[in-house]
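Peer 1: need a structure here:
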Amino acid sequence: MLTTKSNEESLWRFRLLSDESYLVGFLAGDGAFNQHLSHYRIVLDTPYPSLAERFANEVLAVTGKHPLVYMPKSKHEVRVQLQSREWYEHLLALRNRARTGELPVTNRQLFVKGFFDAEGCLQNPGTRNEQVTFSNNNVALLDLVKVSLQLLGIETGKIYAHGERCHGLAVRAHSLQLFKTVIGVDKPHRGITPSLSGGPVR
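Peer 2: Have a look, this model is predicted:
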């Protein structure tokens, strides 16, 4: 079957999750766990509620329970409150394993997609200098992403120092189109964008 750019994006967007790979990839890059009494919150460091909506939609797809999503006033963050202590503890354990450089999930594709949504960037889109990069202060985690991309046929450069405490990883130019096809570079920043698994949480 001939696969066009439009139906490639459609196939990716509506591919159902079989596990928590996307969530773990996202949380490995961005996500502070905060438990207070019977409230189990994940704080996402993002000014974009719509990006948190995608994350929340994936929580719903995996756990079957609607999380609560809200943004405190004057805060550069979005809080996602889980409805299950078991899932809170499970995702925390998987996130911690990923940050040590161990892949705790089965789907590398969705793991990298989650990490891209949290820590990735498409620089200079639509120009000859277009580039996909990742930034994080955890070298072991970036190396895990690098290996995962290589196993998906996507080549990257070496992990490099990016500021005093941060490191970076860039997809090589000849692998950029493959990255767009296999991983995707769409990131919801304004408004409500459908999640990878379906429509927005209501």
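Peer 1: Distance check, the nearest residue to residue 95 once chain neighbours are set aside against residue 187.
Peer 2: Closest residue to residue 95 apart from its sequence neighbours, by Cβ to Cβ, 6 or more residues apart in numbering: residue 27 at 4.2 Å. C-beta: built from backbone N, CA, C; applies to glycine. Using Cβ to Cβ, to the nearest Å, residue 27 is found at 16 Å from residue 187.
Peer 1: neighbour count winner among those two?
Peer 2: residue 27 (25 against 17; other Cβ atoms under 10 Å).
Peer 1: How far does stretch 166-176 stretch from one end to the other?
Peer 2: Start and end residues of stretch 166-176 are separated by 23 Å (Cα to Cα, to the nearest Å).
Peer 1: List the contacts of stretch 33-49.
Peer 2: Residues from elsewhere that reach stretch 33-49 (Cβ atoms under 8 Å, 6 or more residues apart in numbering): 27, 30-32, 51-52, 55, 69, 71, 76-82, 84-85, 87-88, 91-92, 95, 118, 188-190.
Peer 1: Any of those buried? List them.
Peer 2: For the contacts of stretch 33-49, a burial check counting by 16 or more other Cβ atoms under 10 Å picks out 27, 30-31, 51-52, 55, 69, 71, 78-82, 87-88, 91-92, 95, 118, 188.
Peer 1: Spell out, range by range, the helices that occur in the chain.
Peer 2: For the chain, the helices defined by DSSP state H cover 5-13, 21-29, 49-63, 85-98, 108-119, 139-151, 176-182.
Peer 1: Pipe the ones you listed into a markdown table and attach distance to residue 131 per row.
Peer 2: Output for those, formatted as a markdown table (distance: least, Cβ to Cβ, whole Å):
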| stretch | distance to residue 131 |
| --- | --- |
| helix 5-13 | 19 |
| helix 21-29 | 18 |
| helix 49-63 | 21 |
| helix 85-98 | 24 |
| helix 108-119 | 13 |
| helix 139-151 | 14 |
| helix 176-182 | 7 |
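Peer 1: Neighbours of residue 141, how many?
Peer 2: Using other Cβ under 10 Å: residue 141 sits among 23 other residues.
Peer 1: what's the spacing between residue 120 and residue 73?
Peer 2: As judged by Cβ to Cβ, residue 120 and residue 73 stand 28 Å apart.
Peer 1: between those two, which one's more packed in?
Peer 2: Legend: neighbour count by other Cβ under 10 Å for residue 120 and residue 73, higher for residue 120 (24 against 4).
Peer 1: Wait, that one touches residue 133, no?
Peer 2: Yes. In this structure, residue 120 is within contact of residue 133 by Cβ atoms under 8 Å, at 7.0 Å.
Peer 1: can you pull the contacts of residue 122?
Peer 2: With Cβ under 8 Å, 6+ apart, residue 122 has these contacts: 130-132, 185, 187.
Peer 1: For residue 61, state which of these is nearest.
Peer 2: Nearest to residue 61 among the contacts of residue 122, counting by Cβ to Cβ, is residue 187 at 18.2 Å.
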